[in-house]
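Colleague: Sequence plus the predicted model coming up.
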Amino acid sequence: MSKKTTVKAGSKSAAKKSVKASAKTAVKGSKKASAKADNFGGLSEDLLLRIHDLMVKSRVLEERLIKIYKAGEAYFWIGGPGEEAFGVPLGLLARKGQGPAYDWFHLHYRCTPTMVALGMNMVDSIRLIMNRATDPSTGGRNFANHYCFPQWNVAPVTSPIEVQYPLACGTAHVQKRFGKKALSIVTGGDAGTAEGDFASALILASRKGQELPVLITVQNNKFGISTPFEGQHGETHIADRAKAFNIRARVINGNDPVETYLAMQEEMEYIRKTGKPSFIEAHVSRLYGHSSADGANKKASMVDPVFTFENRLIDAGILTEKAAKKIWEIYEAEGVAAQEQARTEPVPTPESVWEHVYVDSENADWRKF
Amino acid sequence: MASVAQAIRMALHYGETNLGVKDIFGQDVGAPLGGVFTATQGLKTAWNSPLDERGIIGMAMGIAMGGDKCVAEIQFADYIFNTIDLLKIAGNTLWCTNGQVQLPMVVMTPVGAGIFGSVYHSHSFDAWASRLPGWKIVMPSNPLDAYGLMLAAIKDPNPVLYLKSKALMRHKGDELIPGEPSDEKELKAMIDKPVQNAEGWKPRWPDLEEYIVPIGKGKITHEGEHITVVTYSRMVHLCDEVAHKLAGEGISVEVIDLRSIYPYDWQMIKSSIEKTGRVLFVNEDTEVTNFGEHLAYRATQELFYQLMARPRVLAGKNLPGIGLHPNLEKNSVPQLHDIETAIREVVAEVP
């Protein structure tokens, strides 16, 4: 199933107008009190619709980013369309805030759904890929989806894979000492588990009597750039490796937001209660390949978690096709308007290369010592 | 007088008591050993990490990101090489986040030769470290500087690499650390873990005071008129010894202990070269590509017309390792006679 998500040019004013409308409002009138065979694990209709809404928003945003790249308005795209069913529940379940009393996120570059669920505006992701000085994550200095939002404890995303895993143990160590039952969440890909940093995190998180409150996750999309899972792994499940460290571990269908939500909720509660780590391997789709380096074209053969979930909600009478269509349109218009806005915004100045090499922009230029 | 190891230990104690240090950690850093050079004995926040350098650096970055201050140790600089991309990330985090995320952390590691440690206990790291923008790098040559630079490193809001010479760990200076008892036996009884029957031992820390050696400020350890010798860490003592010897022959050598690799005290180097007209850069890292080369380049660019001789770099030979036999080590890193010969050559050169 495919959906047209592009709003034609020429409807600028209409687009702007529709951005103001809330996708939530569009959904409200669509609810039907029909009998449902699927009980969605007991999740409320409001929550299910919220998850769907954010999954659509994230997908539309990612597809907008790809369009921006393909139109030549960005140098590189990398992202996570296909991981919405995993990333959105993750963002919704975490304790959002700044400082050790709140959860920390050590994300990789496929985590737009989590950022959208946390409340990131589309325009801020677009500012990042278009390298605007207004980009709140990097000030125009880094690649797409290399998010950094200190106000939500979102650590800077790095291009080297898997280095975020031991960092999560560091923030978890601080959180444990602080004693407010906050946890550190780390995400990464299946191929990256070949890196030693993955093993470092398993060891640091699981030392007897010194266990750390970390939710260690792997989004297994069965590919490392172009190399299939079988070409890189001998283990049956990556989660089995966590079990060897006495870390509680499970494998879930990361394309099902309900299963993901419930599993993650359970594991987060376990971590907050015990102060010990937990491990989730989520099987997800990689709908647009690895990055712009391999074309960023949609793979029709993969499960699309957004449309699968949308159809499920429609079948259950929780959402109508009309309301669903409206949600896609509203977010598409928001994306277009955000791109237009970002185009007008300033880019970094050449002189700004010297800023923030050291704290308070202390002189970094040896010529001036 | 305290040794460098004792000075570092006292600085870390001061740091965890007064400057908010909450974790001092690394391989064998905590009890029972307290560090292979005893620099972390008896510290209340010291703990043993797994034998995992990448885990140590990653953990330190996470602790710093989480808002706490830590001092992490890599047991020997020879084993820091497999963390180099993490060091790169730690150095670029502030820049990449446009000033949003600070990593105020200290990483200390013993460097250099001089203990006959062979191929994997003799590496230098200063030239590598100088290529990690975003880090400040310090290299003390004596206990008082070791103390003052550690306090400066802990207080600094940026990541700081604290490179301590393996060979200087037992070196004793001639200046007391503020608060240190003047009787070194008394100090030893207070803060050194007994070799035997150490169970239940706790240190009695002297009433230490804050003493800061600003990062980026060098020190003239021997004043002179005929040549400037710019060095740091273990080589300071060799250069000073040669300077004393040559003074008796009427060759007046000015020795600068740089103390910080980055930022470095260019103004001190510059005014000294302007006075002497000659300069030799001495360190034990390998000669291709060496931090002294950068300084020699700058001296040539900025002071060319004030120089009376070609600037020269005396460094370790460009070898894959330092052999265990003394004949091998001594022919790999600068020795007294190498420094003396180089000084004589530069001084003898006539424009």
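Modeller: Right, received. Where do you want to start?
Colleague: Which strand or helix spans residue A:216?
Modeller: strand A:214-220 (DSSP states H and E).
Colleague: From the contact counts, what lies against that strand?
Modeller: helix A:164-178, strand A:184-186, helix A:196-206, helix A:257-274, strand A:278-283 (3 or more CB pairs under 8 Å, 6 or more residues apart in numbering or on different chains; DSSP states H and E). In short, each C-beta sits where N, CA and C put it, glycine included.
Colleague: Among the ones you listed, show me which one is buried the most.
Modeller: Most buried of the helices and strands packed on strand A:214-220 by mean neighbour count (mean count of other CB atoms under 10 Å in any protein chain shown) is strand A:184-186; its value is a mean of 30.
Colleague: looking just at contacts, which helices and strands does that strand meet?
Modeller: Against strand A:184-186 (3+ CB pairs under 8 Å, 6+ apart) you get strand A:104-106, helix A:164-178, strand A:214-220.
Colleague: With mean pLDDT added, can I get those in CSV?
Modeller: Output for those, formatted as CSV (pLDDT from 0 to 100):
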stretch, mean pLDDT
strand A:104-106, 98
helix A:164-178, 98
strand A:214-220, 98
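Colleague: Okay, now the unreliable bits of the stretch 251-369 of chain A?
Modeller: Within the stretch 251-369 of chain A, no stretch has pLDDT under 70.
Colleague: got a list of what the residue of the stretch 251-351 of chain B found nearest chain A touches?
Modeller: Nearest residue of the stretch 251-351 of chain B to chain A: residue B:266, at 4.2 Å (CB to the nearest CB). Taking CB atoms under 8 Å, 6 or more residues apart in numbering or on different chains, we find residue B:266 in contact with A:366, A:369, B:298.
Colleague: Selection in PyMOL covering whichever of the residues you listed are buried, please.
Modeller: A single PyMOL command is used to select the members of the contacts of residue B:266 judged buried by 16 or more other CB atoms under 10 Å in any protein chain shown:
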select buried, (chain A and resi 369) or (chain B and resi 298)
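Colleague: nearest to residue B:53, of the helices and strands packed on strand A:214-220?
Modeller: Closest approach to residue B:53 among these is made by helix A:196-206 (9.2 Å; CB to CB).
Colleague: hmm, that closest one in reach of chain B?
Modeller: Yes: judged by CB under 8 Å from any CB of the partner chain, helix A:196-206 comes into contact with chain B through A:196-197, A:200-201, A:203-204.
Colleague: Could you export the helices and strands packed on strand A:214-220 as a markdown table, including distance to residue A:93?
Modeller: Shown next, in a markdown table, are those (distance: least, CB to CB, whole Å):
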| stretch | distance to residue A:93 |
| --- | --- |
| helix A:164-178 | 16 |
| strand A:184-186 | 9 |
| helix A:196-206 | 19 |
| helix A:257-274 | 5 |
| strand A:278-283 | 12 |
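Colleague: To residue A:245, which of these lies closest?
Modeller: Among the helices and strands packed on strand A:214-220, helix A:196-206 sits nearest to residue A:245 (CB to CB), with 4.2 Å.
Colleague: list the helices and strands that closest one packs on?
Modeller: Checking 3+ CB pairs under 8 Å, 6+ apart, helix A:196-206 ends up next to helix A:164-178, strand A:214-220, helix B:53-65.
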